[in-house]
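# Turn this into a model:
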Amino acid sequence: MAFYSDISLVYDDLFPVSPEQRALFDTLMDDGGARTVVDCGCGTGSQLQPFAVAGLSCFGFDPDPSLVAIARRKLAAYPKTRIETGSFSDLARLVTSPSDLLMCLGNSLVHVPQDEESRFLADASGALSRSGTLLLQILNYERLLRERVTELPMIRASEGSIEFRRKYEWEGDRRVVFRTSLRLAGPDGPQIVRNEIPLYPVYPDDLWEMLANAGFGDIRFYGDFARSEFNPGSEALVCLARKA
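Numbering: from 1, shown residues only. Predicted coordinates:
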């Protein structure tokens, strides 16, 4: 996808792994006992890296070849890690043995229509080992819809040399046009790259129902990776669910 190819070289600057994410990953390894990990929509591989460093068996896939190339370079030193190009619909084909932990982070789920979201969650349940864990993160679209949010906070990185602006154009409550503007400082002046892609919001009640129908139990929603209580004003929806 041109959208992610255009931001691939600055992706880690824009979306670094936070301390809260790392702490949750440690908990899933130490207390959760995860030994095999799958990252669906793995991007540059940064969120798989802590698991690879710990010696876990890791597999990641992403539909964008530019991001996959970066992830392969980043994780090349870890022989138990594999990265492939693939979409959500490829999950059942790509993951051939059960995994203890399956992740889908970075608001990736809403890049596919709602029927594909349901199918992906069913495939995710099938790809997990008995009592395996799903870690999912999207934005809280219930809040965004209620407040009719049309612009997300701008992201600045690399001491202001990178600026990423994000706007939403609502086409009903089930489809959003996501428009972005990436400004990169350079010796000959700034370079500006604009893109747009459709997103397909999923709301908390709908997600809960899809997870339950897919065979997940002990479903827990949080407002962030620090596992704060999820509420109507939460900016994000972070979900932990176990295969029933």
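
# can you point me to the longest strand in this protein?
strand 128-139 (DSSP state E).

# Contacts for the next helix-or-strand element following that one, please.
Counting by DSSP states H and E, the next helix or strand C-terminal to strand 128-139 is helix 141-146. Helix 141-146 is contacted from outside by 110, 149, 168, 170, 173, 201-204, 232-235, 237, using CB atoms under 8 Å, 6 or more residues apart in numbering. From N, CA and C alone the C-beta is placed, and that goes for glycine too.

# Go through these and name the one nearest residue 123.
For the contacts of helix 141-146, the residue nearest residue 123 by CB to CB is residue 202; the value is 15.9 Å.

# Distance check, that closest one against residue 45.
The gap separating residue 202 from residue 45 is 25 Å, by CB to CB, to the nearest Å.

# Can you tell me the SS state at the residue of the chain positioned farthest from its centre?
Residue farthest from the centre of the chain, counting by CA atoms, centre = their mean, is residue 188 at 34.2 Å. Per DSSP: H, G, I helix; E, B strand; the rest coil, the local secondary structure of residue 188 is coil.

# Nearest to the spatial middle of this structure, which residue is it?
residue 105 (2.1 Å).

# Name the nearest residue to it, ignoring sequence neighbours.
Closest residue to residue 105 apart from its sequence neighbours, by CB to CB, 6 or more residues apart in numbering: residue 137 at 4.6 Å.

# rewinding a little: mind listing what the longest strand of the chain pairs with, with the direction of each?
The strands beside strand 128-139 in its sheet (DSSP bridges) come out as strand 99-104 (parallel), strand 236-243 (antiparallel).

# what's the offset of that strand from the middle of its chain?
12 Å (CA atoms, centre = their mean, to the nearest Å).

# what's the answer for stretch 131-146, then?
10 Å.

# how long is it end to end?
35 Å (CA to CA, to the nearest Å).

# Would you check that residue 238 makes contact with residue 224?
Yes. A contact is recorded between residue 238 and residue 224 when judged using CB atoms under 8 Å, the distance being 6.1 Å.

# more crowded one of the two?
A count of neighbours by other CB atoms under 10 Å puts residue 238 above the other of residue 238 and residue 224, at 24 against 18.

# Excluding sequence neighbours, find me the nearest residue to the more buried one.
Leaving aside its sequence neighbours, residue 238 sits nearest to residue 222 (CB to CB, 6+ apart; 4.4 Å).

# Return the residues in contact with the closest residue to residue 231 other than its chain neighbours.
Distances taken as CB to CB, 6+ apart put residue 223 closest to residue 231, at 6.4 Å, once the chain neighbours are dropped. Residues near residue 223 by CB under 8 Å, 6+ apart: 140, 229, 230, 231, 234, 235, 236, 237, 238.

# ok, 7 Å please
Residues near residue 223 by CB atoms under 7 Å, 6 or more residues apart in numbering: 229, 230, 231, 234, 236.
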